[in-house]
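>>> next input, structure requested:
(one chain, ligands or ions: 1)
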Amino acid sequence: MVRILSGVGGVRSGPGSEGPANTGPASAGPASAGPASAGPTNTRPPAAGQEGGPAPETVHSHAELVALLAEQFARADVSLRELQARADRAGGTRLPRATCADMLAGRRFPRKAVMVAFLRACQVPEERLPAWERAWERVRLARMPATAAGEAGTAGDAGPVAGPVAGPAPKRRRTPLLLLVAALVAVAIASTITAVAWTSGRNTRTDDGRAFGPGGSSSFTMRIDPAGGPVRLIRRLDAQVSRQRAAITVNGVSAGHWEPLPDGAAGWADQHLDLPPSLTAGRGSLTVATAFVSSEWDFNEFGYTVGQQSDGAWTTTDTLDVGPAHTGAEAAHGYRITGETFRGTRTLDAPPEADGRAAPRVRYEAEAGRVNHARVRPGAVGASQGTVVAGLDHPDSFVDLRVYAPRTGRFTAHVTYAAGYGDAQHAVTVNGSTRFTLDYLHHGWDVWRQVTASLPLTRGWNTLRLQYHNRWAELDHVEIA
Ligand SMILES: [Ca+2]
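Take a look at the predicted model:
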């Protein structure tokens with residue numbers, strides 16, 4: 001059932017941020033992947049590569065891509081260490097040896113930027129790179145239906161594979177000699193670099209979703225409980241597209257950003273954001289709008305869930321399954337999208353066990369609190385949401401945070417701060433009393449550390465004040481558990 005390939009509705013366009021032949025995401029549309037994505041009709045002869053090099057035009061599967069990359073590596077006749085050094089000198093995407101080895105052995109499907117960096121390091125001419133990128137896009141599309149078609153189909157194209165060119169590759173024959181040579185190269189690399197055992201029978205899930213590119217956005221409305229506690233927005237995304245960042249507003253007011261996931265994220269991910277209480281308390285519904293900021297490619301959304309903490313537990317107040325197979329759910333939530341670059345399904349590794357709903361701590365950004373005689377500082381490297389409260393330098397400098405307690409009792413506050421001019425202290429009050437001081441050890445500015453304090457909270461919303469006491473500290477966020 002490899003032919004489901006063509007059933008994938010959307011085709012992503014060229015790379016957003018890198019690559020000289022940058023046609024830009026605006027050039028969207030099926031053109032970029034071309035009719036080749038219609039699948040394995042494969043009667044045309046493998047176009048002999050220009051100037052005798054490998055011909056990515058012939059690539060339709062992960063195994064074929066791996067084989068061609070390995071051939072390119074063999075032609076370059078350099079070590080992985082040298083490739084890494086060349087990429088470092090070029091200054092773009094890095095090319096760690098292990099990443100390269102995984103790619104060449106077929107253990108990992110590379111990020112496109114990694115593949116391009118590899119090809120550049122192999123001194124592949126710039127004008128040949130778009131063909132490689134299109135090959136990458138075809139393979140990426142091909143990888144999903146292969147797994148969707150059934151568990152047995154995963155060996156060939158999906159994710160980490162046991163061998164360099166595993167998989168049955170049904171009814172496809174393509175430059176067998178080349179494949180064999182390349183496979184041998186890949187085996188050699190694999191065996192000299194590392195031996196990683198991949199378990200078979202991976203846990204995958206299929207879902208439909210959408211994505212939007214630069215200038216694009218989406219919006220939808222979700223129910224919440226006006227009498228409930230803090231609200232958590234959870235987004236299901238395809239983490240294979242890296243560096244996705246988008247701005248979020250709730251009922252027209254800035255609520256923060258979807259920040260990029262850590263490098264190396266893959267498969268499905270459930271990302272969550274605790275919304276500022278000032279935007280949710282007392283409301284029965286939220287209209288959430290998301291606007292593209294940056295990405296390796298585009299910003300995708302496969303579903304949203306709203307969780308809310310109430311008496312003692314998290315409950316799901318609303319769920320929106322985004323995607324062309326769920327237009328009813330989309331309409332029910334007033335879902336709209338502009339600048340769409342993708343609609344279709346993906347089959348990916350299941351997200352990690354601990355999804356957003358289960359994260360026990362509720363995060364309150366300092367900058368979302370009431371800030372008195374201090375200032376909000378954006379561009380804080382390494383801080384949550386990249387923003388902190390700075391200038392807490394005066395006796396009347398403080399931040400008030402509304403924090404929720406599902407019951408009356410003691411809770412732990414995890415306060416994230418930076419202190420760069422000696423040890424500092426803040427005075428802490430809860431609901432106007434319980435005054436004590438919190439010590440912030442000096443670790444330097446923009447070095448974000450956590451200190452904990454035990455707080456007596458009453459059931460419902462409380463006001464936590466962190467106020468200047470001694471020396472200087474910046475505040476990033478507070479988590480309550
Ligand atoms: Ca922050």
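
>>> going forward, measure contacts between C-alpha atoms and count neighbours the same way
OK.

>>> which helix or strand contains residue 129?
Residue 129 is part of helix 129-148, with elements assigned from DSSP states H and E.

>>> can I get that helix in PDB? Just the C-alpha atoms.
Below are the C-alpha coordinates for helix 129-148, written out as PDB (Å, rounded to 0.1, in the frame of the first residue of the first chain):
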ATOM      1  CA  LEU A 129      21.100  20.800  -3.600                       C
ATOM      2  CA  PRO A 130      17.500  21.600  -4.600                       C
ATOM      3  CA  ALA A 131      17.200  18.100  -6.200                       C
ATOM      4  CA  TRP A 132      18.500  16.600  -2.900                       C
ATOM      5  CA  GLU A 133      16.000  18.600  -1.000                       C
ATOM      6  CA  ARG A 134      13.100  17.500  -3.200                       C
ATOM      7  CA  ALA A 135      14.300  13.900  -2.700                       C
ATOM      8  CA  TRP A 136      14.300  14.400   1.100                       C
ATOM      9  CA  GLU A 137      10.700  15.800   0.900                       C
ATOM     10  CA  ARG A 138       9.600  12.800  -1.200                       C
ATOM     11  CA  VAL A 139      11.000  10.400   1.300                       C
ATOM     12  CA  ARG A 140       9.500  12.200   4.200                       C
ATOM     13  CA  LEU A 141       6.100  11.900   2.600                       C
ATOM     14  CA  ALA A 142       6.700   8.300   1.800                       C
ATOM     15  CA  ARG A 143       7.700   7.500   5.400                       C
ATOM     16  CA  MET A 144       4.300   8.100   6.800                       C
ATOM     17  CA  PRO A 145       2.000   5.900   4.700                       C
ATOM     18  CA  ALA A 146       4.500   3.100   4.900                       C
ATOM     19  CA  THR A 147       3.900   2.900   8.600                       C
ATOM     20  CA  ALA A 148       0.300   3.700   8.400                       C
END
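
>>> same for that helix, what does it pack against?
Where contact means 3 or more CA pairs under 8 Å, 6 or more residues apart in numbering; DSSP states H and E, helix 129-148 is packed against helix 62-76, helix 112-121, helix 154-157, strand 336-349.

>>> between helix 112-121 and it, find me the angle.
When axes from the mean of the first three to the mean of the last three CA atoms, to 10 degrees is applied, the directions of helix 129-148 and helix 112-121 differ by 140 degrees.

>>> and helix 129-148, average pLDDT?
What helix 129-148 shows for mean pLDDT is 76.

>>> show the contacting residues for the residue nearest to residue 65 when sequence neighbours are not counted.
The spatially closest residue to residue 65, leaving aside those adjacent along the chain, is residue 59, at 5.8 Å (CA to CA, 6 or more residues apart in numbering). Taking CA atoms under 8 Å, 6 or more residues apart in numbering, we find residue 59 in contact with 65, 135, 138, 139.

>>> find the pair from those residues with maximum spatial separation.
For the contacts of residue 59, the maximum inter-member distance is 10.0 Å, found between 65 and 138 (CA to CA).

>>> what's the angle from the top strand by length along the chain to helix 129-148?
Counting by DSSP state E, the longest strand found in the chain is strand 204-223. Relative orientation of strand 204-223 and helix 129-148, computed by the same axes, to 10 degrees: 90 degrees.

>>> strand 204-223 pairs with which strands?
strand 285-294 (antiparallel), strand 299-301 (antiparallel), strand 336-349 (antiparallel) (DSSP bridges).

>>> which of the residues in it are buried?
Residues of strand 204-223 classed as buried: 204, 207-214, 216-223 (neighbour count, 16 or more other CA atoms under 10 Å).

>>> hmm, back to that, return the distance of the helix holding residue 129 from the chain's centre.
Computed by CA atoms, centre = their mean, to the nearest Å, the chain-centroid distance of helix 129-148 equals 19 Å.

>>> could you give the angle of it to helix 62-76?
150 degrees.

>>> what's stretch 473-481 in contact with?
The contact list for stretch 473-481 (CA under 8 Å, 6+ apart) reads 360-367, 383-384, 387-392, 403, 411-420, 424-425, 440, 448.

>>> how distant is the helix or strand where residue 403 lies from the center of its chain?
Assigned by DSSP H and E, residue 403 belongs to strand 398-405. Counting by CA atoms, centre = their mean, strand 398-405 is centred 29 Å from the centre of its parent chain.

>>> briefly note if the following helix or strand past it comes near the ion.
Later in the chain than strand 398-405, the nearest helix or strand by DSSP H and E is strand 409-418. No. Strand 409-418 stays clear of the ion (CA under 5 Å from the ion), getting no nearer than 8.6 Å.

>>> residue 434: what's it in contact with?
By CA under 8 Å, 6+ apart, the contact set of residue 434 is residue 428.

>>> wasn't it part of a helix?
No. Under DSSP: H, G, I helix; E, B strand; the rest coil, residue 434 sits outside any helix and is assigned strand.

>>> and the pLDDT for it?
Reading off the model, residue 434 has pLDDT 78.

>>> now it: how far from residue 428?
8 Å (CA to CA, to the nearest Å).

>>> list the residues that contact both of the two?
Shared contacts of residue 434 and residue 428 (CA under 8 Å, 6+ apart): none.

>>> bridged to the closest residue to the ion within the stretch 201-350 of the chain, which residues?
For the stretch 201-350 of the chain and the ion, the shortest gap (CA to the ion) falls at residue 256, measuring 9.4 Å. Note on residue 256: beta-bridge partners by DSSP bridges are residue 248.

>>> that one: what's it in contact with?
247, 248, 249, 275, 385.

>>> can you name the two of the residues you listed that are farthest apart?
So, these by CA to CA: farthest apart are 249 and 385, at 13.8 Å.

>>> thinking again about what came up before, ok, and which of the buried residues of strand 204-223 reach the ion?
Within the buried residues of strand 204-223, nothing lies near the ion by CA under 5 Å from the ion.

>>> which SSE is immediately downstream of the longest strand of the chain?
Heading C-terminal from strand 204-223 (DSSP H and E), you reach strand 231-238.

>>> can you list contacts of that following strand?
Residues from elsewhere that reach strand 231-238 (CA under 8 Å, 6+ apart): 224, 266-275, 277, 280, 300-309, 346, 348, 356-357.
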